[in-house]
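Peer 1: pasted the sequence and its predicted model underneath.
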Amino acid sequence: MSDKFDVIVIGAGPAGYVAAIRAAQLGLKTACVDAFVGKDGKQALGGTCLNVGCIPSKALLDSSKQYFNLSHNLPAHGISVENAKVDMATFIGRKDKIVKQFTGGIGQLFKANKVTPFFGKGKLLKGNNVEITGNDGSKQTISATNVILASGSVPIELPFAKFDGKNIIDNAGALDINEVPKRLGVIGAGVIGLELGSVWNRLGAEVTILEALPDFLSVADADVAKVAKKEFEKQGLTIKLGAKLTKAEVKKNEVALTYEDKDGAHELTVDKLLVAVGRRAYTEGLLADDTGVKLDERGRIVVDEHNHTGVDGVWAIGDAVRGPMLAHKGSEEGVAVAEWIAGKAGHVNLETVPWVIYTEPEIAWAGKTEKELKDAGIPYKIGSFPFAAIGRAVAMNEAIGQVKVIAHAETDRLLGVHMVGPGVSELIAEAVVAMEFKGSAEDLARIVHAHPTLSEAVHEAALSVDKRAIHKGN
Ligand code: FAD
Ligand code: NAD
C-alpha cells in the first residue's frame with residue numbers, strides 16, 4: 001500500500017476532475033486516477049469532454065461556421081469574399097491546440113489544488129482500495145476513505161457497422177478527418193449526428209443522416225424540432241427519418257449502406273460513416289467482483305439521489321450513472337459529492353439541467369416539453385415569441401426560430417423553456433436561474449431586459465404566456 005487518501009476519484013472527465021478539485025478545496029487529501037491517452041500518446045486529463053467531445057466539437061463548429069457565413073450570411077451584409085478556402089491542417093490544428101490548452105490546464109489546476117494525479121487504469125477493490133495498472137503493465141494499490149467512480153461513457157457500436165477508425169468512425173474519428181469527405185453518412189440524428197454532421201456539411205460534404213425513429217429530435221420540444229429540421233435541410237443536410245441501417249460494408253475506401261424505411265430497402269454509398277447512436281456507461285475493468293457496487297439493466301452504476309452506491313464510502317457521478325449524459329450535470333454531481341463527503345450540504349437538481357445543441361440555429365431547453373406535460377396530465381399554458389420580431393436578431397441577419405415558455409396553468413410556475421435561434425446557448429441560463437428559484441412566467445415578464453438584445457425574446461415569450469406580449473399580436 002503506497003499511500004492513503006481521503007478521496008480517490010477514478011476518471012478525470014468533467015465529473016471526476018471537478019470532484020477532485022472540490023474535494024481538495026475542502027481540505028481532503030485527494031488523488032485522481034485517469035487512463036486517457038491523448039493524440040500525442042501522453043496522459044490527457046479532461047476525459048471525453050475535453051479530448052474528444054464538448055471542446056473539440058465546439059472548436060470545429062465555430063471554425064466551420066465562420067467559413068459557412070462567408071457564403072451564406074455575409075453577402076446579406078453587403079460583404080463578399082472570393083475564393084475562400086479552408087486549410088485543413090490549420091482547421092484541425094487549431095482544435096488540437098485548444099484541446100491541449102484545456103487538458104494541460106487541468107494538470108495545472110490539480111497542482112494548484114494539490115490533487116495527486118495517477119496515470120493508469122483504476123480498479124475498485126473491496127475495502128476502498130484502488131489498484132492502478134499503468135500503460136506498461138506495472139501495478140500499484142492506493143486506498144482511501146472515499147472513492148468516487150467517474151468512469152464516463154463510450155460510443156455504442158452497431159454490430160453490423162463496427163468502428164474501424166478509417167471509414168466507419170465514432171465521435172473521435174469525426175473530429176479528426178483531415179480531408180473533407182465528398183459523402184458523409186451519419187447514423188443517428190441525435191446531438192452528435194447533428195453537431196458533427198453540420199461541421200462537415202458546412203465545409204462542403206454531402207451529409208445524409210439516417211435516423212431510426214419516425215420523429216425528428218424527439219427529446220426536444222416538437223415546435224423547436226420542427227423549426228430546426230427545416231433550417232438544417234435548408235443548409236443542405238439530408239435527414240431520413242424512420243430509416244434503419246441493416247448493413248454497412250467497407251469496399252475500396254467507401255462504405256456501402258443498406259437501410260430500410262416505410263418504403264422498403266434502399267442503398268447508399270458514402271466515403272465515411274459516422275455512427276452516433278448514443279453512448280453507454282463505461283465500467284469495463286472498473287470493479288472487482290466482490291465490491292458490492294451494482295450496475296442497472298443499461299450497465300450504469302446504481303446510485304441513490306446523493307450519488308451514493310450503497311457501498312460504504314463509494315460514490316459514482318457523471319455519464320456512468322443515471323441522468324442526462326452532459327458535462328455540466330457530471331460536474332455538479334462532482335461538486336455535490338465532494339461536499340457531502342466533507343459533511344456539507346451538496347445540491348444537484350436534475351430537473352433544471354439545461355440541454356444545448358450547438359447547431360445553427362442553436363437549440364436549448366430546460367425543464368419539461370409540452371408532450372411530457374401532456375402525458376403527465378399537468379395543466380399548462382404557453383407563450384412564445386419569434387426572433388423575426390427581435391430587432392437585434394434582424395440586425396444580425398439571424399432572425400430564425402423562437403422562444404417558448406411553458407408555465408403551470410394555475411400557479412404560473414415555470415415548467416419548461418424551449419429555444420431555437422441565435423445565441424440561445426447563452427439565453428437558456430436565464431431560464432435555468434428562474435426555474436431553480438421556482439420562478440413564474442410573471443417573474444420573467446417583470447424582469448428588465450436590455451434593448452436591443454436577443455434576451456428580449458425570453459421576456460416577450462414570458463409576457464405572451466398571459467397574452468400580453470408587446471411586439472406581436474396575442
Ligand atoms: P468522461 O468525460 O467520459 O471521462 C471519464 C474519464 O475516465 C475518461 O478520461 C476515461 O478514460 C477515464 N476512465 C474510465 N474508466 C477508467 C478507469 N477504470 N481507470 C482510469 N480512468 C478511467 N456535453 C455537454 O454538456 N456539452 C457538450 O457540448 C457536449 N459535447 C459533446 C460532444 C461529443 C462529440 C461527445 C462525445 C460528448 C459531448 N458531451 C457534451 C457529453 C460530455 O462529453 C459527457 O457528458 C462528459 O464528458 C461526461 O463526463 P464524465 O466525467 O462523466 O466522463
Ligand atoms: P443521442 O442519444 O443524442 O442520439 C442518438 C440518435 O440515434 C437517436 O436519435 C436515436 O434514435 C438514433 N438511433 C439509435 N439507434 C439507431 C440506429 N440503429 N439507426 C439509426 N438511428 C439510431 O446520442 P449521440 O448523438 O450519440 O450522443 C450521445 C450523448 O452525448 C448525447 O445524448 C448527449 O448526452 C451527449 N452529447 C451532448 C452534446 C451537447 O450537449 N451539445 C453534444 C454531443 C453529445
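Peer 2: Sure thing, it's come through. Ligands and ions are numbered 1, 2, ... in the order given.
Peer 1: all contacts plus neighbour counts: C-alpha atoms, from now on.
Peer 2: Noted.
Peer 1: how about the strands in the stretch 251-400 of the chain?
Peer 2: Shown for the stretch 251-400 of the chain, the strands assigned by DSSP state E, counting those that start in this stretch span residues 254-261, 264-270, 272-275, 279-281, 314-316, 355-357, 362-367, 380-386.
Peer 1: now the second one, how far from the centre of its chain.
Peer 2: Put simply, strand 264-270 sits 30 Å off its chain's centre (CA atoms, centre = their mean, to the nearest Å).
Peer 1: quick check: residue 347 vs ligand 2, distance?
Peer 2: Look at residue 347 and ligand 2: by CA to the nearest ligand atom, to the nearest Å, they are 21 Å apart.
Peer 1: returning to that earlier point: to residue 288, which of the strands of the stretch 251-400 of the chain lies closest?
Peer 2: strand 314-316 (13.2 Å; CA to CA).
Peer 1: figure out how far that closest one is from the centre of its chain.
Peer 2: So, by CA atoms, centre = their mean, the centroid of strand 314-316 is 22 Å from its chain's centroid.
Peer 1: correct me, but residue 213 touches residue 245?
Peer 2: No - under the criterion of CA atoms under 8 Å, residue 213 is not in contact with residue 245, lying 11.6 Å apart.
Peer 1: who has more neighbours out of the two?
Peer 2: residue 245 (22 against 15; other CA atoms under 10 Å).
Peer 1: now do the contacts for the closest residue to the more buried one other than its chain neighbours.
Peer 2: Of all residues beyond its chain neighbours, the one nearest residue 245 is residue 259 (4.1 Å), with distances taken as CA to CA, 6 or more residues apart in numbering. By CA atoms under 8 Å, 6 or more residues apart in numbering, the contact list for residue 259 reads 243-247, 265-267.
Peer 1: residue 259 and ligand 1, how far apart?
Peer 2: Counting by CA to the nearest ligand atom, the gap from residue 259 to ligand 1 is 24 Å.
Peer 1: per-residue pLDDT of that residue, please?
Peer 2: You'll see residue 259 listed with a pLDDT of 98.
Peer 1: so residue 443 sits in a helix?
Peer 2: Yes - Residue 443: assigned to a helix according to DSSP: H, G, I helix; E, B strand; the rest coil.
Peer 1: ok, it - contacts?
Peer 2: Contacts of residue 443 (CA under 8 Å, 6+ apart): residue 434.
Peer 1: same thing but 10 Å
Peer 2: 412-414, 434, 459, 462-463 (CA atoms under 10 Å, 6 or more residues apart in numbering).
Peer 1: inside strands: which ones of those?
Peer 2: Counting by DSSP state E, the part of the contacts of residue 443 found in strands is residue 414.
Peer 1: quick one: which of the contacts of residue 443 is nearest ligand 2?
Peer 2: residue 434 (20.7 Å; CA to the nearest ligand atom).
Peer 1: right, and the closest one touches residue 414 too?
Peer 2: Yes - here residue 434 reaches residue 414: they are 7.8 Å apart, a contact under CA atoms under 10 Å.
Peer 1: near ligand 1, which residues of the stretch 51-200 of the chain? Just list them.
Peer 2: By CA under 6 Å from any ligand atom, the residues of the stretch 51-200 of the chain that approach ligand 1 are 52-54, 57, 120-123, 150-153, 171, 192.
Peer 1: who are the packing partners of the particular helix or strand that has residue 245 in it?
Peer 2: In this structure, residue 245 sits in strand 244-251 according to DSSP states H and E. Under the contact criterion of 3 or more CA pairs under 10 Å, 6 or more residues apart in numbering; DSSP states H and E, strand 244-251 touches strand 168-169, strand 254-261, strand 264-270, strand 272-275.
Peer 1: from the contacts of residue 443, which land in helices?
Peer 2: Judged by DSSP state H, helices contain the following of the contacts of residue 443: 434, 459, 462-463.
Peer 1: need the winner for burial among the helices and strands packed on strand 244-251.
Peer 2: Of all those, strand 272-275 carries the top mean neighbour count, a mean of 28, counting by mean count of other CA atoms under 10 Å.
Peer 1: does it come close to ligand 2?
Peer 2: No - if you take CA under 6 Å from any ligand atom as the test, strand 272-275 misses ligand 2, and the best it gets is 7.6 Å.
Peer 1: kindly report the same for stretch 426-445.
Peer 2: No - figure legend: stretch 426-445 not in contact with ligand 2 (CA under 6 Å from any ligand atom); closest approach 12.7 Å.
Peer 1: now that stretch: average pLDDT?
Peer 2: 98.
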